[in-house]
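**Student:** fold the following, please.
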Amino acid sequence: MAEAFLSGLPDSARREWHRYVHVFRVVAEENGRRRRHSLAVFLTESDAEVAKRLVEPHVASDRPN
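**Tutor:** Sure, this is the predicted structure:
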């Protein structure tokens, strides 16, 4: 996926194939500035949810409960 994004797809690539992906993004504060980062890509929602549950206890949240 990264190669296709960075350098494009070859002319022989089958473009009728597609797949939804789940991108795990985080917001980090660096030097007083908030920046968004893509942390990982998952093919299934369940894999993304597992990763989210594993990471959540280790990050601060500014969302209201």
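
**Student:** for the spatially most central residue of the chain, pull up the helix or strand it's in.
**Tutor:** Ranked by distance to the mean C-alpha position of the chain (Cα atoms, centre = their mean), the top residue is residue 23 at 2.5 Å. In this assignment (DSSP states H and E), residue 23 forms part of strand 22-30.

**Student:** tell me the gap between that strand and the middle of its chain.
**Tutor:** The chain centroid and the centroid of strand 22-30 are separated by 8 Å under Cα atoms, centre = their mean, to the nearest Å.

**Student:** other SSEs contacting it?
**Tutor:** strand 33-42, helix 45-55 (3 or more Cβ pairs under 8 Å, 6 or more residues apart in numbering; DSSP states H and E). Yep, even glycine has a C-beta here, placed from its N, CA and C like the rest.

**Student:** for that strand, buried residues please.
**Tutor:** By 16 or more other Cβ atoms under 10 Å, the buried positions in strand 22-30 come out as 22, 24.

**Student:** need the residues that contact it.
**Tutor:** With contact meaning Cβ atoms under 8 Å, 6 or more residues apart in numbering, strand 22-30 is reached by 34-45, 47-48, 51-52, 55, 59.

**Student:** please redo it, this time with the cut-off set to 6 Å
**Tutor:** Strand 22-30 has contacts (Cβ atoms under 6 Å, 6 or more residues apart in numbering) with 34-42, 45, 48, 51.

**Student:** and the gap between the nearest residue to residue 37 once chain neighbours are set aside and residue 38?
**Tutor:** With sequence-adjacent residues excluded and distances taken as Cβ to Cβ, 6 or more residues apart in numbering, residue 37 is closest to residue 26, at 5.3 Å. Residue 26 sits at a distance of 8 Å from residue 38 (criterion: Cβ to Cβ, to the nearest Å).
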